[in-house]
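**Student:** This is a predicted model, with the sequence first.
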Amino acid sequence: MLLRCLVKRSAPVISALLPLALSSPFAFPHRRKMSASCDGVHCAVSHVIFDLDDTLIDTEGIFDSVNRDLFAKFGKVWESKGLVNRLGKQPIETARVLVKDYGLPCSAEEYLEITAPLFRERWSMLRPLPGAARLIKHLHNHRIPIALVSDSPKSNVMGKLNHQHGWTELFKAVLGGDEVQKGKPDPEIYSTIAEKLGAEPDGCLVIEDSPTGIAAGKAAGMKVVAVPSLRRKASKNQYDSADLVLSSLLDFKPEVWGLPAFQDWICNTLPIEPWYVGGPVIKGFGRGSKILGIPTANLPTTAFSSVLSDCVCGIYLGWAALSDRGEVYKMVMSVGWNPYFDNTEKTVEPWLLHEFPEDFYGEELRLVVVGYIRPEANFPSLEALIERIHEDGRIASSALDINPYAKYQNHPYLLTPLCQKDEI
Ligand code: ADP
Ligand code: RBF
Ligand code: MG
């Protein structure tokens, strides 16, 4: 079946971002060694240490919801966008900023006291970030020791973990912020967990979302992969000290670190839990056909803002239908900030792999998104961007012919009249 995927992935854009360790000569070094294996150029790791909040689970989502509720009680309006950059700040520092900026009628200490139970009651709503469950299960299945560290107290860490079915037992060691003297960016938490694991620091790979966490991992002498927040547009240079910056855990390639590769990619695509989005086609940036020669049918982002903020920026494949026409088309799309054009808004832009004689603004477009191709990237030239988008189109077109993707072509969401949509 896989022979039908004849598209070859030429020089992947992300490979430019990867460190030198793409082809480790060590098959499974973790089985034999407790520290890093190096052949002078390539380095392999033996242990992987994860940060928890906003690296494995999406706590940022509940931060908004807690503040919305609390502020309403104080007669204030929580403006979630960008006011407080919590990244890498201790909770008390964030609380001080909030109390001051919004003139809250409480002290920073009181704010933390009031919000602690509000957070706790939302732990059951915490969701793993895209690719997190897949990665920790993969490493565990291959007997790579994995561990968890967090700035939060250990009891909070365990409380959150308990809501993630089957996760707790995967970790060989867990360390909370109350179990060390100094918080990140001090290396103490990472050095201590390495000791607990019986691992050499240079054999540990840290996966982190915050600049202070990255600094802590590096100061402990470890390799660090940064996976910035999925909700915010990363600002430049914030992650420079990391060994590698990824757009999401979906892009983590274990073999780069001498660990066993994933086997779940199909024809250069990664199957995902499908998502269903739709709405009337609206005017976009006026660039697709004019500048790129590739029309993209923009959807109003307000119609599915929560889906959009939860999903990783990147290039996806799936099926599309214009519900009045009764036909289903292959589709490849970009989700994100279009780094080449440096947009200020996160958008969804599907390119239907079909020739249409005319525009279809205003028609109801339905999408079933079934697989992931790659992260969004910047390109040295417009020609390079265009060439890459065409390659994405070829990849999508081949992959959609086979399962697990082909079966969604007949999904009722695509062609059900609007009025019945909510019943699906
Ligand atoms: P805009 O910036 O307004 O989105 P584009 O130049 O990207 O304009 O063109 C997109 C429009 O072109 C769509 O809204 C749709 O009406 C039309 N269109 C024609 N063919 C296609 C196609 N194959 N895929 C997507 N849109 C198409
Ligand atoms: N824009 C980028 O800046 N970087 C990308 O990697 C990128 N990949 C895309 C892949 C596909 C399949 C499509 C349809 C679009 C992609 N775009 C990308 C978005 C493109 O810049 C956008 O559609 C045009 O700017 C029109 O708004
Ligand atoms: Mg467009």
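**Tutor:** Great, that's in hand. Ligands and ions are numbered 1, 2, ... in the order given.
**Student:** what's the nearest residue to V332 if we skip its chain neighbours?
**Tutor:** A396 (3.9 Å; CB to CB, 6 or more residues apart in numbering). C-beta here means a position set from N, CA and C on the backbone, and glycine is covered the same way.
**Student:** pretty sure G278 contacts L365?
**Tutor:** Yes - counting by CB atoms under 8 Å, L365 is a contact partner of G278 at 6.0 Å.
**Student:** Output the below-cut-off pLDDT ranges for this protein.
**Tutor:** 1-42, 80-89, 230-236, 303-304, 417-424 (pLDDT under 70).
**Student:** Which residues are in contact with the most centrally placed residue in the chain?
**Tutor:** Closest to where the C-alpha atoms of the chain average out (CA atoms, centre = their mean) is S248, at 3.3 Å. Shown in contact with S248 (CB atoms under 8 Å, 6 or more residues apart in numbering): L129, P130, G131, V227, L230, V312, C313, G314, P375.
**Student:** how about those in TSV, adding neighbour count and secondary structure?
**Tutor:** Output for those, formatted as TSV (neighbours: other CB atoms under 10 Å; DSSP: H, G, I helix; E, B strand; the rest coil):
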residue	neighbour count	secondary structure
L129	24	coil
P130	19	coil
G131	22	coil
V227	28	coil
L230	20	coil
V312	21	coil
C313	19	coil
G314	21	strand
P375	19	coil
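**Student:** Most widely separated two among the residues you listed?
**Tutor:** Using CB to CB, the pair of those lying farthest apart is L129 and P375, separated by 14.3 Å.
**Student:** residue boundaries of the helices in the protein?
**Tutor:** Here the chain has its helices, by DSSP state H, at 60-73, 91-102, 108-120, 132-141, 154-162, 188-197, 211-219, 305-310, 382-399, 412-415.
**Student:** residues from the stretch 301-424 of the chain in reach of ligand 1?
**Tutor:** The stretch 301-424 of the chain comes close to ligand 1 at residues W351, L352, H354, F356, D359, F360, Y361, as judged by CB under 6 Å from any ligand atom.
**Student:** Now for the third one: which residues touch it?
**Tutor:** In this structure, H354 makes contact with Y329, K330, judged by CB under 8 Å, 6+ apart.
**Student:** still on that earlier bit, wait, which of the residues of the stretch 301-424 of the chain next to ligand 1 is closest to ligand 3?
**Tutor:** Using CB to the ion, W351 comes nearest to ligand 3 of those, at 8.4 Å.
**Student:** What residue in the protein is the furthest from its centre?
**Tutor:** P357 (36.8 Å).
**Student:** So that residue versus ligand 2, what's the distance?
**Tutor:** 20 Å (CB to the nearest ligand atom, to the nearest Å).
**Student:** do the same with V45
**Tutor:** As for V45, its distance to ligand 2 is 29 Å (criterion: CB to the nearest ligand atom).
**Student:** Skip the chain neighbours and tell me the closest residue to that residue.
**Tutor:** L205 (4.2 Å).
**Student:** I'd say that neighbour and A220 touch.
**Tutor:** No - between L205 and A220 there is no contact under CB under 8 Å: 11.6 Å.
**Student:** of the two, who's got more company?
**Tutor:** Ranked by neighbour count (other CB atoms under 10 Å), L205 and A220 place L205 first, with 30 against 22.
**Student:** Could you measure from that one over to Y413?
**Tutor:** As defined by CB to CB, to the nearest Å, L205 lies at a distance of 40 Å from Y413.
**Student:** Might you report the residue contacts of the nearest residue to V66 once chain neighbours are set aside?
**Tutor:** In space, and not counting its chain neighbours, V66 is closest to L118: 4.5 Å by CB to CB, 6+ apart. Taking CB under 8 Å, 6+ apart, we find L118 in contact with V66, D69, L70.
**Student:** Let's see the distance spanning stretch 181-194 from one end to the other.
**Tutor:** 16 Å (CA to CA, to the nearest Å).
**Student:** quick one: buried residues of it?
**Tutor:** G183, K184, P185, D186, P187, E188, I189, Y190, S191, T192, I193, A194 (16 or more other CB atoms under 10 Å).
**Student:** neighbouring contacts of that stretch?
**Tutor:** 47, 49, 88, 90, 147, 149, 151, 173, 175, 177, 179-180, 200-201, 204, 206, 210-213, 215-217, 219-222.
**Student:** Which PyMOL command selects the buried ones in those?
**Tutor:** Entered in PyMOL, the line below selects the buried ones among those, by 16+ other CB under 10 Å:
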select buried, resi 47+49+88+147+149+151+173+175+177+179+180+200+201+204+206+210+211+212+213+215+216+217+219+220+222
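**Student:** Next, the buried residues of stretch 387-403.
**Tutor:** Within stretch 387-403, the residues scored as buried using 16+ other CB under 10 Å are R388, I389, E391, D392, G393, R394, I395, A396, S398, A399, L400, I402.
**Student:** In a markdown table, list the residues you listed along with distance to F285.
**Tutor:** Supplementary listing: the buried residues of stretch 387-403 in a markdown table, determined by distance: CB to CB, whole Å:
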| residue | distance to F285 |
| --- | --- |
| R388 | 18 |
| I389 | 15 |
| E391 | 22 |
| D392 | 18 |
| G393 | 19 |
| R394 | 24 |
| I395 | 24 |
| A396 | 22 |
| S398 | 29 |
| A399 | 27 |
| L400 | 26 |
| I402 | 33 |
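**Student:** nearest residue to E364 other than its sequence neighbours?
**Tutor:** Closest residue to E364 apart from its sequence neighbours, by CB to CB, 6+ apart: S323 at 4.6 Å.
**Student:** check contacts around that neighbour.
**Tutor:** G278, E363, E364, L365, R366, L414, L415, T416, P417, L418.
**Student:** Among those, find me the one that's closest to ligand 3.
**Tutor:** Using CB to the ion, the contacts of S323 come closest to ligand 3 at L365, 11.6 Å.
**Student:** count of neighbours near the closest one?
**Tutor:** 23.
**Student:** Against ligand 2, how distant is it?
**Tutor:** Counting by CB to the nearest ligand atom, the gap from L365 to ligand 2 is 14 Å.
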